[in-house]
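Colleague: what follows is a protein structure lacking sequence information:
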């Protein structure tokens with residue numbers, strides 16, 4: 001159980017929602033440029049709109065990808081030190097350090 005008082009609150013919920021919405025808009029309207037033809041082809045096969053090296057990602061593609069993320073993972077520094085464990089918090093639609 002993650003206690004709300006143990007979370008570092010960087011932004012409030014409305015701001016987080018605005019960041020999320022604008023990120024989705026940016027990915028859909030501006031897209032992302034990839035130098036790898038293999039990656040561009042992969043996105044194309046998955047149904048993304050592609051123009052040259054630019055891939056446009058829809059909200060449904062992003063949502064589906066986020067659903068495949070593991071519920072928990074550990075990040076470590078490049079030298080293997082200072083591991084930090086993260087857990088998905090669906091109620092906050094974010095990740096929390098545990």
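Modeller: Structure's in. What do you need? All figures in this text were calculated on a predicted structure; none of them were measured in a lab. Numbering: from 1, shown residues only.

Colleague: wasn't residue 55 part of a strand?
Modeller: Yes - per DSSP: H, G, I helix; E, B strand; the rest coil, residue 55 lies within a strand segment.

Colleague: so what's the nearest residue to it once chain neighbours are set aside up against?
Modeller: The shortest distance from residue 55 to any non-neighbouring residue, by CB to CB, 6 or more residues apart in numbering, is to residue 43 (4.5 Å). In short, each C-beta sits where N, CA and C put it, glycine included. By CB atoms under 8 Å, 6 or more residues apart in numbering, the contact set of residue 43 is 34, 50, 55, 57.

Colleague: count of neighbours near the third one?
Modeller: To tie it back to what came earlier, the one meant is residue 55. As a burial measure, residue 55 scores 21 neighbours (other CB atoms under 10 Å).

Colleague: got it, and the last one?
Modeller: The tally of other residues near residue 57 (other CB under 10 Å) stands at 18.

Colleague: part of a helix, is residue 21?
Modeller: Yes - Residue 21 sits within a helix when classified using three-state DSSP.

Colleague: residue 27 versus that one, what's the distance?
Modeller: Counting by CB to CB, to the nearest Å, the gap from residue 21 to residue 27 is 11 Å.

Colleague: the more surrounded of those two?
Modeller: Shown here are residue 21 and residue 27; by other CB under 10 Å, residue 27 has more neighbours (18 against 11).

Colleague: just want the phi and psi numbers for that one.
Modeller: phi -70, psi -30 (degrees, to the nearest 10).

Colleague: pretty sure it is touching residue 54, no?
Modeller: No - between residue 27 and residue 54 there is no contact under CB atoms under 8 Å: 11.1 Å.

Colleague: host element of the most centrally placed residue in the chain?
Modeller: Compute the mean C-alpha point of the chain, and by CA atoms, centre = their mean the closest residue is residue 66, 6.3 Å away. Assigned by DSSP states H and E, residue 66 belongs to helix 59-67.
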